[in-house]
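Engineer: structure, please.
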Amino acid sequence: MARQAVKKKAAARSEKQAEPALAGLGMITFDKLPLSDTCWSLQTGPDDRIYAAACCEHTGGVAVYLVRYTPGAKVGGGRLEYLFDVGDAVGEPADNGRASQCKIHYCMMPDEKTGILYGATHLSGAPRGDVGYSWLGSWHEMHRSFRGSFLFAFDTRTDKILWTDMCYEWEGSRCMALDRKRGLIHGVAFPRSHYFTYDLETHQTKDCGRTGSVNSQAVWLDSEDNAYTTDDWGTVLRFNAGRGRPERLEVRLPFAAGVDGWHNVAYDVVRDPTDPDVVYGCPWNIPAHIFRYRMDPRGGPGEMTDCGVGLPGAVHDERSTFFTHHVGGLVFGNDGALYYAASENRRELMTSTPERRCWLMRMDVRTGAKERVGLLKVGDLRVAYIARAARTRAGRVLFADVMNMPTRIYEWQTPGVAGGGAAAGMPLRLWG
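Structural biologist: Predicted structure coming up:
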C-alpha cells in the first residue's frame with residue numbers, strides 16, 4: 001500500500017510538471033534590488049510606460065523603490081529604470097530606526113492630463129536590525145513606530161518629484177483612487193480601516209470613519225467619479241463627495257455557498273473597456289468569485305452579477321488560505337477578453353516546487369466561459385501569486401510578482417490586433 005501511495009504521488013507530480021506553461025511569457029527581474037521580495041503596486045503611467053513598486057517586507061530597514069519599465073520589440077526585452085528610493089524621497093530614510101516605508105500597496109494613480117503619477121506608502125517592514133514589526137504592538141513607541149503614509153507626486157514628463165506630503169499619520173495606505181473632477185484622492189488606511197480623502201489643492205486629509213476591521217484592497221470609481229469600496233462582509237460602500245461620507249448600499253460581492261461572506265472584501269477591480277459604469281472584480285476570499293458590477297451614478301444601488309468561481313475545479317482543504325488560493329491581476333486584452341491570474345498552491349509560497357501553480361485565466365465577458373490559458377512559469381521558476389496587472393495601449397500586459405527575491409514582473413502580449421480592440425482606447429485605470 002505504501003509503495004502504491006508513493007507511485008501515485010510521483011505520478012501526480014509528473015502530471016503537474018507536464019502541465020503547459022504560458023507561451024511567450026517574459027520575465028523582468030529587479031536585479032539591482034536584491035532584497036526586494038514583493039511587487040504590490042503596478043500601474044500604467046500617463047506616458048504609457050509601466051511603473052512598479054519594488055517592495056521589501058521581510059528585511060528590516062529597506063524602503064520601496066519606484067521602477068519603470070518600457071516594453072521593447074521583444075517580450076521581456078524592454079528597458080528597466082530604477083527611478084528613486086521612496087523612503088529617501090519623502091524624508092524617511094530606511095535606516096532612521098523607524099519601521100520602514102517598505103512598500104506601495106495598490107496606491108499608484110496616473111493623471112493623463114498633468115502627466116503626474118501619484119503614489120502613497122504602506123507599512124509592514126521592520127526598523128533596521130529588527131526581525132519583525134508589530135504595527136499595533138509598537139503603536140505607542142514613538143521612536144520606532146511607522147510615521148505614516150506619505151504621498152508623492154512624480155512628473156513622468158520631467159522625471160522629477162514635484163512634492164511629497166504625509167496623507168495619513170501613523171498608518172499605511174492599503175488602496176487608493178484618484179477623483180480628478182474634485183481633486184481628491186480616496187484611500188483606506190491600515191491597520192484601523194479608516195476611509196479618508198486627501199485634497200490635492202489644500203493638502204488636507206479628511207477622516208470619514210471606519211469601513212470595518214478587514215481592509216478592502218480596492219477603491220474604484222464610476223463615470224461621475226463617485227468612489228466605491230467594501231466592508232468586511234463584501235457590502236458595497238459608495239462615497240459621494242457631496243455627502244462627505246461613505247454610504248452603505250444593499251449590494252454584496254458574491255461568495256460561495258456554505259460560508260457567511262466574512263473577509264469578502266474587494267481585492268482587484270478593472271473597468272469594462274466599453275462602459276465606464278461597469279467593472280469586473282474579485283474578492284479577497286476563498287474560493288474567490290469573479291463579479292460584474294453595474295454602478296448607478298444617479299444614486300441607485302446598481303446591479304451585481306456573480307460570474308462564478310475564478311478557478312473552476314480548484315480543490316480547497318484545511319490548508320487553503322487567501323494567499324495559497326488567490327485571484328488577482330485582472331486586465332482586458334486586445335481580444336476583449338478578461339484575463340487574470342489564479343493560484344492553487346499546496347506548499348509554502350517561497351518554494352518553487354511543482355506544488356506551486358498560478359494559472360493565467362481567460363474569461364469571455366459575453367458568455368462568462370472561463371479557460372486556463374497556461375501556467376505562469378519561466379524555466380524552472382513557478383509563479384505563486386500575482387497582485388496586479390497593467391497594460392500598454394498596444395496590449396502588452398505586465399503582471400506583478402509576490403514571493404520571489406529579488407522581485408520581478410512578467411510580460412505577455414495579449415492576443416488580437418496589436419494596439420486594437422476597445423481596451424486599447426480606454427482611459428487609464430485611476431485606482432491602484
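Engineer: which residues does Asp272 form beta bridges with?
Structural biologist: Per DSSP bridges, the residues bridged to Asp272 are Asp275.
Engineer: if I pick it, what's in contact with it?
Structural biologist: Contact analysis of Asp272 by C-beta atoms under 8 Å, 6 or more residues apart in numbering lists Val278, Val279, Tyr280, Phe332, Val365. In this view, the C-beta of every residue, glycine as well, is placed from N, C-alpha and C.
Engineer: next: Arg252.
Structural biologist: By C-beta under 8 Å, 6+ apart, Arg252 lies in contact with Trp233, Gly234, Thr235, Val236, Gly261, Asn264, Met304.
Engineer: hmm, Gly261 and the first one touching each other?
Structural biologist: The one in question is Trp233. Yes. Using C-beta atoms under 8 Å, Trp233 is in contact with Gly261, at 5.1 Å.
Engineer: quick one, helices of this protein?
Structural biologist: Taking DSSP state H as the test, the helices found in the chain are 2-17, 86-89.
Engineer: and the ones you listed, which one's lowest on average pLDDT?
Structural biologist: In terms of average pLDDT, helix 2-17 trails the rest of these, at a mean of 46.
Engineer: out of the contacts of Asp272, list just those in strands.
Structural biologist: Val278, Val279, Tyr280, Phe332 (DSSP state E).
Engineer: so how far is Ser149 from the first one?
Structural biologist: Think Val278. As judged by C-beta to C-beta, to the nearest Å, Val278 and Ser149 stand 30 Å apart.
Engineer: which one of these two is surrounded by more residues?
Structural biologist: Comparing Val278 with Ser149 by other C-beta atoms under 10 Å, the one with more neighbours is Ser149, at 31 against 19.
Engineer: who's in contact with the more buried one?
Structural biologist: Counting by C-beta under 8 Å, 6+ apart, Ser149 touches 107, 120-123, 166-168, 171-173, 187, 189.
Engineer: try 6 Å this time
Structural biologist: By C-beta atoms under 6 Å, 6 or more residues apart in numbering, the contact set of Ser149 is Ala120, Thr121, Cys167, Tyr168, Gly172, Ser173.
Engineer: surely the second one and Gly148 touch.
Structural biologist: No. Counting by C-beta atoms under 6 Å, Thr121 stays clear of Gly148, with 8.5 Å between them.
Engineer: neighbour-wise, which of those two wins?
Structural biologist: Using other C-beta under 10 Å, the more surrounded residue of Thr121 and Gly148 is Thr121, with 33 against 21.
Engineer: about what we covered before: quick check, nearest of the contacts of Asp272 to Asn215?
Structural biologist: When the contacts of Asp272 are compared for distance to Asn215 (C-beta to C-beta), Val279 wins out at 19.0 Å.
Engineer: related to what we said a few turns ago, redo the ones in strands among the contacts of Asp272 as TSV? Include pLDDT and distance to Val214.
Structural biologist: Putting the ones in strands among the contacts of Asp272 into TSV (pLDDT from 0 to 100; distance: C-beta to C-beta, whole Å) gives the following:
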residue	pLDDT	distance to Val214
Val278	98	26
Val279	98	20
Tyr280	98	22
Phe332	96	28
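Engineer: now do the residue nearest to Gly187 when sequence neighbours are not counted against Ile185, distance only.
Structural biologist: With sequence-adjacent residues excluded and distances taken as C-beta to C-beta, 6 or more residues apart in numbering, Gly187 is closest to Met176, at 4.4 Å. Distance of Met176 to Ile185, given as C-beta to C-beta: 6 Å.
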